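**Q** Show me how the following folds:
(one chain, ligands or ions: 1)
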Amino acid sequence: MVELPEALLIAKQIDRELAGKKITSANFDNFNPNIMFMNVTPDEFIDRIINTKIVSSYAKAKWIFVKLDSNLILAIAPEMGANILYHENQTTLPKKYHLQLDFSDGSFFTLKCSGFLLMKLAKENELETMKYPGKIGKSPIDHEYTFDDFNALLDGHKKIIKAALLDDGNLSGVANYYLNDAFYRAKIHPKRKAFSLTSQERKNLFDSIRWVIGESIRLNGRSERKDLYGVHGKYERLIGPKNKNSPCSNCDTLIVKISVAGSNNYVCINCQKL
Ligand SMILES: [Zn+2]
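**A** Now for the predicted structure:
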């Protein structure tokens, strides 16, 4: 799943590379409504986007927003990951793609999703009223997001900590990939009840979430994902499938894989006690 660091990076690169470019053509290849969830049909999309210019781009949570000079915004959430690529000319165009945009200067943008993807083309106020993206809450790296906000979130939950943090809108832009590292760094078991965390544990977890996200932003996202130029990120997860059955770097206990709230986590049951 794409989380905040990857969305921020691609949006920043689109803003730098594509702002001012005019879209002269748009093509869908093998359009499949079961993997590309759009608010318009492909024909309507093409009709609305052709002859518009890209003005700017920004990210919120897992969403990449591309502002057009028609006042429409192209909003993309590559839920399960996607190759979102810029091509200076046609020599690097991929054989397979889901969407291709051609620009008047002979450059291109292609998008190929893995799994499914949400893509909306609408005015800003319309996007906010849709179920997705809707109104996106503060992300943990926003200056306005405080430890008090985090505490209030945990206090209100009888659920396990991971489910509380994954609930829509609670911690925008952060999902299991980065939470897994944050739990390990903070020495918190993801199955602990949210309200049961001590004040110090809450602080450790809050700081760890911000550290993990900040570190991934600094390193251009996780190593499994590519940026707009096809370059992989450099963030390597602290604990993941590679560590399963290997000793914990703190205490030598073997790392185990567990299923929590619908996805897998890797934990050291000695450092992260239930
Ligand atoms: Zn350990």
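**Q** outside of stretch 36-48, which residues touch it?
**A** Here stretch 36-48 makes contact (CB atoms under 8 Å, 6 or more residues apart in numbering) with 26-28, 31, 70, 72, 98, 113, 116-122, 130, 132. The way it works is simple: take the backbone N, C-alpha and C, and place the C-beta from them, glycine included.
**Q** ok, of those, which come out buried?
**A** Among those, the ones that count as buried by 16 or more other CB atoms under 10 Å are 26, 28, 72, 98, 113, 117-122.
**Q** tally of neighbours for residue 194?
**A** Residues near residue 194, counting by other CB atoms under 10 Å, number 19.
**Q** quick one: contacts for residue 78?
**A** Neighbour list for residue 78: 2, 62, 64, 84, 111, 113, 117 [criterion: CB under 8 Å, 6+ apart].
**Q** Now, those that are in strands?
**A** Mapping the contacts of residue 78 onto strands (DSSP state E) picks out 64, 84, 111, 113, 117.
**Q** Let me see the backbone angles for the nearest residue to the third one once chain neighbours are set aside.
**A** Meaning residue 111. Taking CB to CB, 6 or more residues apart in numbering, and ignoring the residues beside it in sequence, residue 111 has residue 99 as its nearest neighbour in space, at 4.4 Å. Main-chain dihedrals, residue 99, degrees, to the nearest 10: phi -140, psi 140.
**Q** again, but for residue 145
**A** Torsion angles, degrees, to the nearest 10, at residue 145: phi -80, psi 110.
**Q** who's in contact with residue 62?
**A** Per CB under 8 Å, 6+ apart, neighbours of residue 62: 1-4, 7, 77-79, 173, 175.
**Q** and these as a markdown table, adding distance to the ion and pLDDT?
**A** Converted to a markdown table, those look like this (distance: CB to the ion, whole Å; pLDDT from 0 to 100):
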| residue | distance to the ion | pLDDT |
| --- | --- | --- |
| 1 | 26 | 69 |
| 2 | 29 | 81 |
| 3 | 25 | 91 |
| 4 | 27 | 93 |
| 7 | 31 | 95 |
| 77 | 35 | 94 |
| 78 | 33 | 89 |
| 79 | 32 | 81 |
| 173 | 28 | 89 |
| 175 | 23 | 91 |
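**Q** Make a markdown table from these and add distance to residue 268 to it.
**A** What follows is the contacts of residue 62, written out as a markdown table (distance: CB to CB, whole Å):
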| residue | distance to residue 268 |
| --- | --- |
| 1 | 23 |
| 2 | 27 |
| 3 | 23 |
| 4 | 25 |
| 7 | 30 |
| 77 | 32 |
| 78 | 31 |
| 79 | 29 |
| 173 | 26 |
| 175 | 21 |
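**Q** which ones among those are found in helices?
**A** 4, 7 (DSSP state H).
**Q** Residues touching stretch 91-109, excluding its own?
**A** By CB under 8 Å, 6+ apart, stretch 91-109 touches 18, 21-31, 35-36, 49, 83-90, 110-113, 117, 119.
**Q** Could you report the pLDDT at the closest residue to the ion within the stretch 101-250 of the chain?
**A** The ion sits closest to residue 248 of the stretch 101-250 of the chain, with a gap of 3.1 Å, by CB to the ion. The model reports residue 248 with a pLDDT of 97.
**Q** With residue 168 instead?
**A** At residue 168, pLDDT is 62.
**Q** do the same with residue 197
**A** Per the predicted model, pLDDT is 95 at residue 197.
**Q** where's residue 237 relative to residue 160, distance?
**A** Separation of residue 237 from residue 160 (CB to CB, to the nearest Å): 21 Å.
**Q** Now intersect the contacts of stretch 36-48 with the strands, please.
**A** Taking DSSP E, the ones among those that sit in strands are 26-28, 72, 113, 117-122.
**Q** Not counting sequence-adjacent ones, nearest residue to residue 75?
**A** residue 120 (4.5 Å).
**Q** cool, residue 220 as well?
**A** Going by CB to CB, 6+ apart, residue 220 has residue 233 as its nearest residue, at 4.6 Å.
**Q** For the one you found, grab the count of nearby residues.
**A** Residue 233: 19 neighbours (other CB under 10 Å).
**Q** Noted, bye for now.
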